[in-house]
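Student: got a sequence here, can you build the structure:
(chains A and B)
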Amino acid sequence: MADQIPLSMTVNGQTRRGLGEPRLTLADFLREQANCTGVHLGCEHGVCGSCTVLMDGEAVRSCLLFAVQADGADITTVEGLAPDDETLHPVQEAFRDCHGLQCGFCTPGFVVSVAAFLETNPDPSDDEIRHGIAGNLCRCTGYQGIVAATRQAAATMKGSRQS
Amino acid sequence: MVGLLAEHGDDAKPLAGGQSLVPLLAMRLTRFEHIVDLNRVDELFGVSADNGGVRIGAMTRQAAVETDDAVADRAPLLHLATPHIGHFQIRNRGTIGGSIAHADPASEYPAVMLALDGVAEIASASGTREVPAAEFFESTFMTAVAPDELLVALRFSAWNQLAGFAFDEIARRSGDFALAGAAVGIGTDADGRINRAAVGMLGVGPTPLRASSVEAALMGLAASDADPAEIGRLAADDMDPIGDVHASVEYRRQAGSTLVGRVLANALAQVSTEAGNG
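Tutor: Got it, this is the predicted structure:
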């Protein structure tokens, strides 16, 4: 067995320390050592997008990163998007309102991806939304609700930026 | 870094963005005793304007290539091709050097590098050498980079004549590997005669390929007279596609050559717009 390497990163605003072999993925570190089980593992090879998290503000697939590569980084998972336990992020609210989830397995990845997508494209067309969510797969095929949720979230986030 | 590669040779693999290598490791399709992570090697990152062209560090993320002004200005084909790579989450990590060193025949940057006659800067413990694109892609997933070497940067010269560029690909879903793709650059002299034609193709052979029949047919023509659909059909002879579950040999050849024609039409239209502006 390879040496255990000490790890330290900020996860949802808190410093998390742990130990892991170099082969430990960021996704497994987040789930098993940082208790962020909202990071879902679907395919574990970068196709499904369920494990999407923000690393230093950018959406990445956490199954394709080793935890050692994120040492010192600032990670946000679906658990850390909303400001507190009583509030939902506008993207989460929109997914609830628009039936943007069915079984819910892919939802954390979609929510994180959509939140990041709307940061770079705050006013997307429907076509841009469809391209924007193409990196996440919903096996229930509930895409209509997800597109509607993304549209609503864009409008809400735009409103709150202007106010 | 190159010291580690020299020490471990075949047992070591450089890790760039990890968007191809890590899936291969996860699927146990390949394994290495040592993974040499390049993500904290600052000098491998960044774009610099270079002697009329652009030099792009191998670890420059695809997302950075996508938005870089010098790339858009001096190597527009790279700029046009980048949004076709995977998804935005992939481009946030994936790098230009990783994509080119991986040399997947269906990926975008290798075809663009070949079309633009890009140059690879390759370093080893014994120094740095340069390899032109035409000699870089040896076979599927095989390049001129030896196990003890590292691809450190790519260089692209700007075209100094009137020029138009276009890129497109056919994929079943947004972000999928392309069934076929084309990267086209057309340059003309002041009279509108084509004096440079660069047509790179992806997904239609064991390596990225150039459509040399198409290029030869274009040279010397007035850009406004060229019939892109007809000339594009010549590309079928330049392909060496494989058939698989995604598309048959014949489909790739036919769809691919139709696509070359369409992308060529876009590049020619771009030339005339440029000419109109000039």
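
Student: can I assume residue B:164 is in contact with residue B:265?
Tutor: No: at 10.2 Å, residue B:164 and residue B:265 do not qualify as touching, with contact defined as CB atoms under 8 Å. No exception for glycine: its C-beta is placed from N, CA and C like everyone else's.

Student: how about the residues of chain A that lie near chain B?
Tutor: Within chain A, the residues that sit near chain B (CB under 8 Å from any CB of the partner chain) are A:22, A:44-47, A:49, A:52, A:58-61, A:63-66, A:68-69, A:113, A:116-117, A:120, A:130-132, A:134-135.

Student: please flag which of those sit within helices.
Tutor: A:113, A:116, A:117, A:120, A:130, A:131, A:132 (DSSP state H).

Student: what about residue B:28, how many neighbours?
Tutor: By the measure other CB atoms under 10 Å in any protein chain shown, the count of residues near residue B:28 is 7.

Student: please disregard the earlier target; I meant residue A:139.
Tutor: Neighbours around residue A:139, by other CB under 10 Å: 12.

Student: check the one 10 residues further on too.
Tutor: When counting by other CB under 10 Å, one arrives at 29 neighbours for residue A:149.

Student: and residue B:213, what does it touch?
Tutor: Residues in contact with residue B:213 (CB atoms under 8 Å, 6 or more residues apart in numbering or on different chains) are B:234, B:235, B:237, B:238.

Student: do you know how far it is from chain A?
Tutor: As judged by CB to the nearest CB, to the nearest Å, residue B:213 and chain A stand 33 Å apart.

Student: which of the three states applies to the residue lying closest to that residue once chain neighbours are set aside?
Tutor: Leaving out its chain neighbours, the residue that sits closest to residue B:213 by CB to CB, 6 or more residues apart in numbering or on different chains is residue B:234, at 4.2 Å. Following DSSP: H, G, I helix; E, B strand; the rest coil, the label given to residue B:234 is helix.

Student: right, and residue B:234 touches residue B:211 too?
Tutor: Yes: judged on CB under 8 Å, residue B:234 makes contact with residue B:211 at a distance of 7.2 Å.

Student: who has more neighbours, these two?
Tutor: The neighbour comparison of residue B:234 against residue B:211 (other CB under 10 Å) goes to residue B:211, with 30 against 20.

Student: for the more buried one, which residues are in contact?
Tutor: Here residue B:211 is in contact with B:182, B:199, B:200, B:201, B:234, B:235, B:238, B:260 (CB under 8 Å, 6+ apart).

Student: show me just the buried residues among the ones in helices among the residues of chain A next to chain B.
Tutor: For those, a burial check counting by 16 or more other CB atoms under 10 Å in any protein chain shown picks out A:113, A:116, A:117, A:131, A:132.

Student: name the nearest of these relative to chain B.
Tutor: Within those, the smallest distance to chain B is 5.2 Å, found for residue A:131 (CB to the nearest CB).

Student: residues in contact with that closest one?
Tutor: By CB under 8 Å, 6+ apart, residue A:131 lies in contact with residue B:174.

Student: how close does the residue in chain A positioned nearest to chain B get to residue A:116?
Tutor: Per CB to the nearest CB, residue A:135 is where chain A lies closest to chain B, at 2.9 Å. Distance, residue A:135 to residue A:116, by CB to CB, to the nearest Å: 10 Å.

Student: mutual contacts of these two, please.
Tutor: Shared contacts of residue A:135 and residue A:116 (CB under 8 Å, 6+ apart): B:88, B:89.

Student: chain A contacts on chain B?
Tutor: Taking CB under 8 Å from any CB, the part of chain B that reaches chain A is made up of B:18-19, B:22-23, B:26-27, B:35, B:37, B:39, B:63, B:86-90, B:92-93, B:173-175.

Student: inside strands: which ones of those residues?
Tutor: Those of the residues of chain B next to chain A mapping onto strands are B:35, B:37, per DSSP state E.

Student: quick one: distance of stretch B:48-64 to the chain centre.
Tutor: 14 Å (CA atoms, centre = their mean, to the nearest Å).

Student: same question for stretch B:137-156.
Tutor: Going by CA atoms, centre = their mean, the spacing between the C-alpha centre of stretch B:137-156 and its chain's C-alpha centre is 13 Å.

Student: pairing partners for residue A:60 in the sheet, please.
Tutor: Note on residue A:60: beta-bridge partners by DSSP bridges are residue A:53.

Student: can you find the helix or strand in chain B with the smallest mean pLDDT?
Tutor: When each helix and strand of chain B is scored by mean pLDDT, DSSP states H and E, helix B:2-8 comes last, with a mean of 89.

Student: walk me through the domains of the chain.
Tutor: I'll assume chain A. A:5-80, A:90-162 (automatic domain parsing).

Student: wrong chain, I was asking about chain B
Tutor: According to automatic domain parsing, the domains of chain B span B:2-26+B:44-157, B:162-277.

Student: and the helices in chain A?
Tutor: Under the criterion DSSP H, chain A contains helices at A:26-32, A:90-97, A:107-120, A:126-132, A:143-162.

Student: next, format these as JSON lines and append mean pLDDT.
Tutor: Output for those, formatted as JSON lines (pLDDT from 0 to 100):
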{"stretch": "helix A:26-32", "mean pLDDT": "98"}
{"stretch": "helix A:90-97", "mean pLDDT": "98"}
{"stretch": "helix A:107-120", "mean pLDDT": "98"}
{"stretch": "helix A:126-132", "mean pLDDT": "96"}
{"stretch": "helix A:143-162", "mean pLDDT": "94"}
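
Student: which of those is buried the deepest?
Tutor: Burial of the helices of chain A is given as mean neighbour count (mean count of other CB atoms under 10 Å in any protein chain shown); helix A:107-120 ranks first at a mean of 24.

Student: what's that one in contact with?
Tutor: Here helix A:107-120 has contacts from A:38-40, A:42, A:48-54, A:57-59, A:76-78, A:81, A:89, A:91-92, A:95, A:100-101, A:124, A:132-133, A:135-136, A:138, A:146, A:149-150, A:153-154, A:157, B:88-89, using CB under 8 Å, 6+ apart.

Student: Produce a PyMOL select command limited to the buried residues of those.
Tutor: Command for PyMOL, covering only those of the contacts of helix A:107-120 found buried under the criterion 16+ other CB under 10 Å:
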select buried, (chain A and resi 38+39+40+42+48+49+50+51+52+53+54+58+59+76+77+78+81+89+91+92+95+100+101+124+132+133+135+136+138+146+149+150+153+154+157) or (chain B and resi 88+89)
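
Student: can you tell me how far the spatially most central residue of chain A sits from residue A:124?
Tutor: Against the mean C-alpha coordinate of chain A, by CA atoms, centre = their mean, the closest residue is residue A:112 at 3.0 Å. Using CB to CB, residue A:112 is found at 17 Å from residue A:124.
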